[in-house]
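[1] Sequence first, predicted coordinates after that:
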Amino acid sequence: MVLKERQEGVLILTLNRPEKLNAITGALLDELYQVLKEAQEDPGVRALLLTGAGRAFCAGQDLLEFGEGKPDYEAHLRRYNRVVEALAGLEKPLVVAVNGVAAGAGMSLALWGDLRLAALEASFTPAFVRIGLVPDSGMSFLLPRLVGFAKAQELLLLSPRLSAEEAQALGLVHRVVPGERLLEEALALARELAQGPTRTYALTKKLLLETYRLSLTEALALEAILQGEAGRTQDHEEGVRAFREKRPPRFVGR
Ligand code: LHQ
């Protein structure tokens, strides 16, 4: 259900239930969690790329998974939440290539990417409210931070279907590219990141997430601690040496 392919330091993950628009099942979530855990621990993986097979990126929760019964969504969300925690805590850059529709939890997955590319034909819809559900998989946390409170209110209460260009105008997507070039561009970006200072990316990601809940004084203190850590990396040493020698740096990710 999740295809894996390694290209040098990049791990490409493809959600692969194209006949169901890559809708998410419990089994898919568990597989994704395992893959993310392995990627986190593998020093050879220095960037990840997530995309979807077929015409969709991901249609969110598979609405037919639970049949006619009354499922325990609170319990089911534990399986989502550990995937979201794994994405949020991923100590490597994640490029997301949104190839088609991203709905509900599928839109949440897309938004957890650090750099988000979308095909011109991609679209985004929160979807939750349309089936009487609240936002989940981190959407209530992330969306107001990305688009501001007022826009998040509108998107979550009305659930429009945004085009890739509308999503870009709101800051949900960094770049929109023609569909036939999406993977190529996303891979080029992931490759570039895979040659970067991986540890510094991890610390930068941590700062961006953490400082939202901190006071200025606390944020400054955290910056100082993490700058201390970054300053001790081999990559910082190499960055400064390369600057002095007027050549591009060769980062090793440590
Ligand atoms: C699907 C799905 C789908 C199954 C399309 N499931 N088959 C977390 C945990 C706990 C509780 C539940 O929720 C969550 C988080 C969530 O993600 S809630 C939100 C769940 N997702 C949705 O509500 C989206 C439902 N889908 C749609 O609104 C549309 O299908 C979208 C906008 C994604 C795409 O529209 P179209 O491009 O017009 O495609 P389509 O509607 O014709 O769908 C194609 C096929 O895919 C169709 O099957 P069929 O056998 O008729 O060809 C759909 O039934 C199936 N499909 N989404 N989520």
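    That came in fine, so what should we check first?
[2] can we go C-alpha only for contacts and neighbour counts from here?
    Fine.
[3] Can you tell me the SS state at residue 116?
    Three-state assignment for residue 116 (DSSP: H, G, I helix; E, B strand; the rest coil): strand.
[4] Run through the bridge partners of it.
    residue 96 (DSSP bridges).
[5] Burial check on it, number of neighbours?
    Residue 116 is flanked by 23 other residues according to other Cα atoms under 10 Å.
[6] Correct me if wrong: it contacts residue 98.
    Yes. Look at residue 116 against residue 98 with Cα atoms under 8 Å: they come within range, at 7.4 Å.
[7] Need the overlap of contacts for these two.
    residue 110 (Cα atoms under 8 Å, 6 or more residues apart in numbering).
[8] what sits up against stretch 198-212?
    With Cα under 8 Å, 6+ apart, stretch 198-212 has contacts from 46, 89-93, 218-219, 222-223, 226, 230, 233, 252-254.
[9] show me the contacts for residue 102.
    56, 57, 58, 59, 60, 110, 122, 123, 124, 125 are the contacts of residue 102 under Cα under 8 Å, 6+ apart.
[10] Beta-bridge partners for it, please?
    residue 58, residue 124.
[11] Please tell me how far it sits from residue 35.
    21 Å (Cα to Cα, to the nearest Å).
[12] For residue 60, grab the count of nearby residues.
    Residue 60, neighbours per other Cα under 10 Å, totals 25.
[13] who's in contact with it?
    22, 23, 24, 102, 103, 104, 105, 106, 107.
[14] Helices of the chain, residue ranges please.
    26-41, 73-88, 105-111, 139-147, 149-158, 164-170, 182-194, 198-210, 216-231, 234-244 (DSSP state H).
[15] Need the winner for burial among these.
    Highest mean neighbour count of those: helix 105-111, a mean of 25 (counted as mean count of other Cα atoms under 10 Å).
[16] Tell me how far that one lies from the chain's centre.
    8 Å (Cα atoms, centre = their mean, to the nearest Å).
[17] for that helix, packing partners?
    Here helix 105-111 touches strand 56-58, strand 94-98, helix 139-147, going by 3 or more Cα pairs under 8 Å, 6 or more residues apart in numbering; DSSP states H and E.
[18] Can you list the neighbours in contact with the first one?
    Read it as strand 56-58. 15, 18, 21-24, 51-52, 98-103, 106-107, 122.
[19] Could you do stretch 161-177 as well?
    With Cα under 8 Å, 6+ apart as the criterion, stretch 161-177 contacts 111, 115-126, 146-147.
[20] ok, and the most crowded of those residues?
    residue 118 (33 neighbours).
[21] Tell me the confidence at that residue?
    pLDDT, the model's per-residue confidence, is 98 for residue 118.
[22] Contact partners for it?
    So residue 118 contacts 97, 98, 99, 100, 164, 173, 175, 176, 177, 179, 182 (Cα under 8 Å, 6+ apart).
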